[in-house]
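Asker: What follows is a predicted protein model with its sequence.
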Amino acid sequence: MTADTKPVEAGKPAAADAAAPRAWTDGLSRAHLAQLTIAAVFVVAYVALERISFIHEYRGLPVTPWNPGLGVALALMIVGGARYGLALFAGITAAEIVLLQTHLDWPVILGIGAIISSGYALAARMAHQTLRLNVALPHLRDILVLLAVGIGGAALVSLLLGAILLAIGHLQIADFLLASGTLFLGDVIGIAVITPPLLRFWARWRERTVRQLLPPAVELMVLGAMIAAALWAIGGQADSDGFKLFYVLFLPVVVAAVRHGLDGACISLAATQLGLVGLLHLHEYDARIFAEFQILMFVLTATGLIVGVIVTERRASEQAAREAEAQLKEKQAEAAHTARFSLVSSMTSALAHEINQPMTAARALARSVQHILRGPVADLERADRNVTTLIAHIDRVGGIVSHMRDFLRRGRPHFSTILIPQMLGETISLASTDAASHGVRLELDVPSNLPPIHGDRIQLEQVLLNLVRNAIEAIATQRRTDGVVRIVARQHDAPARVEFAVIDNGPGIASELAGRLFEPFTTSKREGLGLGLSICASIVESHGGRIWLQGSIASATEFRFSLPLDYNPSA
Amino acid sequence: MHETTIFIIDDQESVRHGLGEMLSVFGFAVETYASADSFLESFNNSRLGCVVADVRMPGTDGIELVRELVRRKIALPVVLISGHADVPMAVAAIKAGAEDFIEKPVDDTQLVAAINRGLARSVAQLDAHRTQESLAANFARLTPRQVGIFDLVVAGFTSQGIATKLEISTRTVESYRADIMQKMQAESVAVLVRQAIRLGRILP
């Protein structure tokens, strides 16, 4: 299994580039060279970690309160492939000889190394290939898979090692459980504490967001102080009961996990673990306490990781929901914008007329002035009077054009305080030529003391214009001469709101259409898309209001919409 | 020659005033009306000039105005102007008998040319009308006997032929002819023939 031929992971060449000097490319490929370098670095690091992790031989087993080297090894094998099992094998053998100065026979030493390295290589392979572990650990499932794989690997390895030592008579039955159990817990904790932060670091490194791994400095210091205080409280109890205060350590870990998700949990757990190992160096604890400590540590680690990943997961889904909502809003604004264009293009002939009239007058006046000035006796007073009128006409055209441009403005909804009479006046001015050309009269019924409302002026004008335009078209189908569209605004209480009504004396709305008026693609017009009213509905709803058909009989069709006075769009 | 007036009809005050001011500076006598109906109400058939009217107006619109003038046999040229001109509208305007059809904003050269063309045409029509009227009056002064000889003269009979046909002397025929020529103010038989055509006595 060490001759694993799985291709190098996608992220690997980047690390290889950093590790392999360019000149050494003869003979070996750069990728191989990089792997060898990583393996060598790992072996040295493994021995060093074993050294500081208070490793000792217990009845022939390499026992440690936690096994950080194993955590590094598992991370390396998950990311880089099971081939790094060979490096683990080398590291274990070196540690046995250099650190423990074991008296075991060579075959036993090599057997121990082979069992540990192949056991975890198998675990890594399962995590990566069978269980499809996501290396960035974004979901609770990934943390659980990682813990399960670590526990499974540790159980397999510790049982096999115990069995071997039992078989060669190195270990008594009575010691078997304690020795294997301690080994098992140390390995599990090493994996639970070290592997997640390394995988997170690896993921962040690939995303180039390593900086985001650490919480702000102040918070880091507070958390550090909390952990230090908890450790001091535990260590201060000179006797073995010190671990009764262990639960205090949950506080900083859970706080970090809640505040910063999995990354916070990883960092606080690593700090806690380092502190605890230091504590164990200072005090001598017996084997029973030792096991108790390990169990507590594992519970703390599992708790921190699970809380952390749940927080991370929730944040990610909140972020996704926010993005989806923003996207939806953008789409709505886009649809409203398109609808404004079609609304305006349906009135182009009326609007062209609106612009052409003052242009006609202005041009004629300009020619009259030219003629006056070129004449033998220039009547300057008359010329001046005509130029003044001419300027007024040009300003009127400018006003129409800029209002139109405003109305067709693209972009995000812009909420502001709106004076209702002013908004209705602008709507009337946009619709007036269209109304006039169909022989329809527009009437406005607005009390001057209406309170201002909060909203997007352009979008609300769009709703009004759409309703007015529909009313005009409905009347126009009858070719009647007494067509009237009334626009009414009234303030109401409980809840505080303004209701707008657009009433026409057109033919009314067919009852089969009335039920689904505000659904998209509902239309009675031959050239209509049937989107106008559905967009009106979404605009009104985005202002916290609602729109409805108040009633429709021949000669009295009334659309209403209400807008709350206290609407806050960000809420 | 009678006084000619430009009658400007547009429901928009600004356009009415602008065009009126321009044409009046150009030297035309101008009157403005807010609707075709108010114009028709106040119009008196003896007046001369040219109408400049918007096509789209409440009440009687521009094209209906042209038709109405034709119906009332008022020979007033009409130049139509429109802000939303399209081909069917232009065709309808010209078919109805409008002098010209001009898009807003109005090009004054085009407008003045159309007005002058319309005025010239209506003056020529008037002249022709006058001529026709005096011709008919002259013809009415002929006695029945003279009418009979008139018809034979323009039909191409010589004095002798007429004398033989009517069994009177050639001299008498000559005398009638001289009276007829004098009453009809015709210098020659050729002029008399042309008058006969205008009067519908013979086919050209």
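Answerer: Yep, it's here. Residues are numbered from 1 along each chain as shown, chains lettered A, B, ... in the order given.
Asker: Please count neighbours and contacts with C-alpha atoms only from this point.
Answerer: Noted.
Asker: just the helices in chain B please.
Answerer: B:13-25, B:36-42, B:62-71, B:87-96, B:108-140, B:144-154, B:159-166, B:170-183, B:189-198 (DSSP state H).
Asker: Helix, strand, or coil at the residue in the stretch 401-550 of chain A that chain B sits nearest to?
Answerer: Using CA to the nearest CA, the closest approach of the stretch 401-550 of chain A to chain B is made by residue A:439 at 7.5 Å. Residue A:439 falls in the coil class when you classify it by DSSP: H, G, I helix; E, B strand; the rest coil.
Asker: Can you give me every residue that contacts it?
Answerer: A:481, A:482, A:483, B:58 (CA atoms under 8 Å, 6 or more residues apart in numbering or on different chains).
Asker: at 7 Å what do you get?
Answerer: A:481, A:483 (CA atoms under 7 Å, 6 or more residues apart in numbering or on different chains).
Asker: Strands along the stretch 201-350 of chain A, start to end?
Answerer: Using DSSP state E, counting those that start in this stretch, no strands are found in the stretch 201-350 of chain A.
Asker: gap between the closest residue to residue B:75 other than its chain neighbours and residue A:52?
Answerer: Using CA to CA, 6 or more residues apart in numbering or on different chains and skipping the chain neighbours, the partner closest in space to residue B:75 is residue B:122 (6.7 Å). Using CA to CA, to the nearest Å, residue B:122 is found at 119 Å from residue A:52.
Asker: more crowded one of those two?
Answerer: Taking other CA atoms under 10 Å in any protein chain shown, residue B:122 and residue A:52 do not tie; residue B:122 has more neighbours (18 against 15).
Asker: Any chance of the helices of chain B in CSV with mean pLDDT and distance to residue A:426 as columns?
Answerer: Converted to CSV, the helices of chain B look like this (pLDDT from 0 to 100; distance: least, CA to CA, whole Å):
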stretch, mean pLDDT, distance to residue A:426
helix B:13-25, 93, 21
helix B:36-42, 93, 31
helix B:62-71, 92, 31
helix B:87-96, 88, 32
helix B:108-140, 89, 34
helix B:144-154, 91, 77
helix B:159-166, 90, 88
helix B:170-183, 91, 75
helix B:189-198, 88, 65
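Asker: which of those helices is buried the deepest?
Answerer: Greatest average neighbour count among the helices of chain B goes to helix B:13-25 (a mean of 22), per mean count of other CA atoms under 10 Å in any protein chain shown.
Asker: That one and chain A in contact?
Answerer: Yes - using CA under 7 Å from any CA of the partner chain, helix B:13-25 comes into contact with chain A via B:14, B:15, B:18, B:19, B:21, B:22, B:25.
Asker: Tell me if I'm right that the first one and residue A:361 touch.
Answerer: Yes - with contact defined as CA atoms under 7 Å, residue B:14 reaches residue A:361; the gap is 5.8 Å.
Asker: ok, residue A:107 - contacts?
Answerer: Neighbours of residue A:107 in contact, by CA under 7 Å, 6+ apart: none.
Asker: any idea how far chain B is from it?
Answerer: 103 Å (CA to the nearest CA, to the nearest Å).
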